[in-house]
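Visitor: coords below, sequence missing:
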């Protein structure tokens, strides 16, 4: 038993370990659309696939509802939208990192008039909603939606946890907006591998499935995507390029165009307003529809459905049950009406295509393939205008447009995750927003080094239309000797229109204020006699997510003596008089942050972190060198003095602290991330308890109904006593009334479980009687048969001489005595079973049915074994086995034959008697 438990525990541990490992190696992607999410999943043994949500659907509504401290997501929240339109929040993507004064928020309020905004949030630079007395930022609500996607994807993939994720974002998101999305994902418990532009992901999906078609000749693809809230056009180029070992495919983004306010929502809202106008004109209600939140939500849902129907039909009737003031609406709308409503948008349909062509600096004729994406492109008028814009180019139908973005991002997730090895497919993106560094340079006198004044310096770090991810860019600052601040700002954006710049709003005012500290402390611990300060170098890059990262800031010193001087002299080239202060230089040697980390590991003794602690003591190499030269501290007094007074050899590079501040955008810091994580854990615990309560309530309600049915079934009531039946009827009646009248949301779970236990105790007793009534006869029959067979052993030797008998008489009598006792017990049980009513309990418990019968049979077998061992050893009979052993089965079969022959004899005697009686009657009649 102990061995079996060990094996089961080991198997469970192995399964748990395998599931954990699979979870660590699994990766997922989130196509973060305005209205819907599409989730991709890849894990060992399973190819790239789209994850199904809890409703077994491939796309999930991007909404969250919070009511009474409980969250509802996706389709369940959509189902509550008509009842609680002010609590179901969606369309949040374009609000991340923005304040309530941003143009995007103004448009959001115009489209969604019934949300309650927190006018005095903790952080004034973010958009916050009031829900149930609590304030929630857009980033926090987004994190909740992402966490829900993480949860149902883990359930679908059957893994413990998925950490790695790639998330898609619009191409026009600024670095601050991208960083806010990344922080929201961290709140949800993700490790973000990359943020990828949705158009790039769709093009990548096209490339990876047509990898063999890519050659050295460039192939250009344009993807036109009209989603719910935006329209984008992306031009990419595929070609084979020579890499280190072989030719590999590379995809380069040549140009993009977009309209961040043009999409399906705008068309739906116009159709909704048209339906409201028709309704008020036709049915003349007493109040306006837009004063009723629920009514307006109903019209909005019907407008969304109607838009889809009119894309395939010339006309259709919109039907809304109890639309407003209990009026059922039926309104006819034609496609011509719809086209008229969006006629002013027609000029905007083709603008993203033209903008992308201008950025790529190629004509439309150089585009090899053109494909449409997004639900908005199903509108016939959109297709018509797009076709006019691209001329004779054919619109391709070769891309699974609904899931192309998620699948392209999924390939990138597999490529970046540790658990998979995929063929390389290089991707290069366009920098839309040029980044400059602004700082104050102190002008010094060349002879006296006195500060004569200051001047503002602006240097371009990352130019517009350049490629990212970039190599690190480093600037060298020589005029600072204490803590300072530099600013990263956006440069002149020539590729965007005036309208697009206005839509970005205040986010373009300033990107990052970089506060660099630790320099003042480092300078205090130095003297001009031991080392010369060469300046500070600060390194930046744009990573694959399009986020500007301040990688590091370091103060460099050149020792005036010592071994480190030769090393530091190579670094001092960064501060050559030929290079102007702050002029960016590209670090081709390091290339990536990972390479820089390896470089640090090779030179640990030359770099230190900037902390308030004092400078480190003398390096270990000093003592080692002294001993190698044959000297010791105890050699002479002079030598000891020299060792004690020897100057410290200080590192040539001091790492400085960096604090990034985003003055024009709300980007959650690590404290905000941890706080939201704690809040989501609290939410999860509340929801777990609420789910347990709901499950207990549902189970009680279901079981009480089941008990009502039991009371109407004779199979159940026949085994129920009058007292039990009355008690069950009263309990069911009381509980059902309690459920209907007294239960509230505050009713504790224990009351449901106690009432359920009360019903189950009554039903369990009756069910046991039913089970016993079926089980006892079968077990009795088996025991009686075995008893009769064993009794036949005691008759062996009764009709022969004692010397020839197989068993001694005293042994046969002893066995017979024990069998008689067992026979009495069996007869008592049978008598009780024959005389008791169905509603009566047995005179033994339910366990006795198995245990007593089992023990009796076991005891009987044991007695038979003992009896058989006492058999005399007889070897002269052929029908006996070797060593005097008897086959008990043969004996049992012989006993059965004798019993059958006796029964036949009795039957024949009865037949003869009946025949005799018949003959006698016949004789009497004659």
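Guide: Thanks, I have the structure now. The structure presented is a predicted model; accordingly, all values stated were derived computationally and were not measured. Numbering: from 1, shown residues only.

Visitor: going forward, measure contacts between C-alpha atoms and count neighbours the same way
Guide: Fine.

Visitor: which strand or helix spans residue 109?
Guide: helix 103-111 (DSSP states H and E).

Visitor: just checking, what packs against the next helix or strand after that helix?
Guide: Note on helix 103-111: by DSSP H and E, the next helix or strand toward the C-terminus is strand 128-131. With contacts taken as 3 or more CA pairs under 8 Å, 6 or more residues apart in numbering; DSSP states H and E, strand 128-131 sits against strand 134-137.

Visitor: quick one: strands adjacent to the strand it packs on?
Guide: Paired strands of strand 134-137, with direction, are strand 128-131 (antiparallel) (DSSP bridges).

Visitor: quick revisit: buried residues in the helix holding residue 109?
Guide: By neighbour count on 16 or more other CA atoms under 10 Å, the buried set for helix 103-111 is 103-105.

Visitor: what's the answer for stretch 302-310, then?
Guide: For stretch 302-310, a neighbour-count test (16+ other CA under 10 Å) marks 302-304, 306-307, 309-310 as buried.

Visitor: how does the chain divide up, domain by domain?
Guide: 14-262+349-428, 433-558 (the TED database).

Visitor: most tightly packed of those?
Guide: Burial of these is given as mean neighbour count (mean count of other CA atoms under 10 Å); domain 14-262+349-428 ranks first at a mean of 20.

Visitor: would you mind checking the average pLDDT for that domain?
Guide: Averaging pLDDT along domain 14-262+349-428 yields 90.

Visitor: next up, identify which helix or strand the residue nearest in space to the middle of the chain is on.
Guide: Centre of the chain computed as the mean C-alpha position; nearest residue by CA atoms, centre = their mean is residue 150, 1.2 Å away. Following DSSP H and E, one finds residue 150 within helix 138-157.

Visitor: the helix or strand just after that helix packs against which elements?
Guide: From helix 138-157 onward toward the C-terminus, using DSSP H and E, the following helix or strand is strand 164-169. Helices and strands touching strand 164-169, by 3+ CA pairs under 8 Å, 6+ apart, are strand 27-32, strand 191-197, helix 198-208, helix 404-416.

Visitor: can you tell me which of the ones you listed comes nearest to residue 264?
Guide: Closest to residue 264 of these, according to CA to CA: strand 27-32, at 15.9 Å.

Visitor: off-centre distance for the helix or strand just after that closest one?
Guide: Heading C-terminal from strand 27-32, the first helix or strand you meet, by DSSP H and E, is strand 36-43. Averaged C-alpha coordinates place strand 36-43 at 9 Å from its chain's average position (CA atoms, centre = their mean, to the nearest Å).

Visitor: which residues sit against the next helix or strand after strand 36-43?
Guide: For strand 36-43, the following helix or strand on the C-terminal side (DSSP H and E) is strand 46-50. Strand 46-50 has contacts (CA atoms under 8 Å, 6 or more residues apart in numbering) with 38-42, 58, 403, 406-407, 410-411.

Visitor: between all of those residues, which two are separated the most?
Guide: 58 and 411 (18.0 Å).

Visitor: re earlier: for residue 787, which of the domains of the chain is the nearest?
Guide: By CA to CA (comparing all of the domains of the chain), the closest turns out to be domain 14-262+349-428, at 48.4 Å.

Visitor: low-confidence bits of the stretch 451-600 of the chain, can you list those?
Guide: 451, 528-529, 561-579, 588-600 (pLDDT under 70).

Visitor: ok, now with 80
Guide: 451-453, 526-531, 559-582, 587-600 (pLDDT under 80).

Visitor: can you show me the strands along it?
Guide: Applying DSSP state E, counting those that start in this stretch to the stretch 451-600 of the chain gives strands spanning 451-462, 467-468, 473-477, 484-490, 512-517, 531-542, 548-559, 585-586.

Visitor: hmm, back to that, which one of the buried residues of stretch 302-310 is nearest residue 747?
Guide: Proximity of the buried residues of stretch 302-310 to residue 747 (CA to CA) peaks at residue 302, which lies at 37.9 Å.

Visitor: who touches the residue nearest to the centre of the chain in this structure?
Guide: With CA under 8 Å, 6+ apart, residue 150 has these contacts: 162, 188.

Visitor: start at 886 instead
Guide: Done: numbering now begins at 886, and the last item shifts to residue 1035.

Visitor: measure how far the lengthiest helix in the chain is from the centre of its chain, please.
Guide: The residue-count maximum for a helix in the chain (DSSP state H) belongs to helix 1634-1676. Relative to its chain's centre, helix 1634-1676 lies at 45 Å (CA atoms, centre = their mean).

Visitor: next: stretch 966-984.
Guide: Distance, centroid of stretch 966-984 to centroid of chain: 21 Å (CA atoms, centre = their mean).

Visitor: ramachandran coordinates for residue 1281?
Guide: Backbone torsions of residue 1281, given as degrees, to the nearest 10, read phi -80, psi 150.

Visitor: for it, list each beta-bridge partner.
Guide: Where residue 1281 sits in a bridge, its partners, by DSSP bridges, are residue 1256.

Visitor: before we move on, what about residue 1434?
Guide: Beta-bridge partners, per DSSP bridges, of residue 1434: residue 1426.

Visitor: looking at the buried residues of stretch 1187-1195, which are in helices?
Guide: Going by DSSP H, the helices hold 1187-1189, 1191-1192, 1194-1195 from the buried residues of stretch 1187-1195.

Visitor: which one of those residues is nearest to residue 1569?
Guide: Looking across these and measuring by CA to CA, the closest to residue 1569 is residue 1189, at 32.9 Å.

Visitor: now do that closest one, the pLDDT please.
Guide: In this model, residue 1189 carries a pLDDT of 94.

Visitor: show me what contacts it?
Guide: Residue 1189 makes contact with residue 1153 under the criterion CA under 8 Å, 6+ apart.

Visitor: list the buried residues of the one helix or strand residue 1543 maps to.
Guide: Per DSSP H and E: residue 1543 is located in strand 1542-1546. Going by neighbour count (16+ other CA under 10 Å), the buried part of strand 1542-1546 is 1542-1543, 1545-1546.

Visitor: and the residue lying closest to residue 1427 once chain neighbours are set aside, how far from residue 1318?
Guide: Spatial nearest neighbour of residue 1427, excluding adjacent residues (CA to CA, 6 or more residues apart in numbering): residue 1433 at 4.5 Å. Remark: distance between residue 1433 and residue 1318 (CA to CA, to the nearest Å) = 11 Å.

Visitor: and what of residue 1139?
Guide: Taken as CA to CA, the span from residue 1139 to residue 1318 is 15 Å.

Visitor: what's downstream of the stretch of helix or strand residue 1233 belongs to, the next helix or strand?
Guide: Assigned by DSSP H and E, residue 1233 belongs to helix 1231-1234. For helix 1231-1234, the following helix or strand on the C-terminal side (DSSP H and E) is helix 1236-1245.

Visitor: now that following helix: how far from the chain's centre is it?
Guide: Worked out by CA atoms, centre = their mean, helix 1236-1245 lies 37 Å from the chain centre.

Visitor: likewise for stretch 962-977?
Guide: 22 Å.

Visitor: over to stretch 932-946?
Guide: The answer for stretch 932-946 is 12 Å, by CA atoms, centre = their mean.

Visitor: can you give me the end-to-end span of it?
Guide: 25 Å.

Visitor: show the contacting residues for the residue lying closest to residue 1250 once chain neighbours are set aside.
Guide: In space, and not counting its chain neighbours, residue 1250 is closest to residue 1278: 7.9 Å by CA to CA, 6+ apart. Residue 1278 sits next to 1250, 1254-1255, 1272 when contact means CA under 8 Å, 6+ apart.

Visitor: got the angle for the strand or helix carrying residue 1579 vs helix 1023-1042?
Guide: Residue 1579 is part of helix 1555-1595 when elements are defined by DSSP H and E. In terms of direction (axes from the mean of the first three to the mean of the last three CA atoms, to 10 degrees), helix 1555-1595 departs from helix 1023-1042 by 50 degrees.
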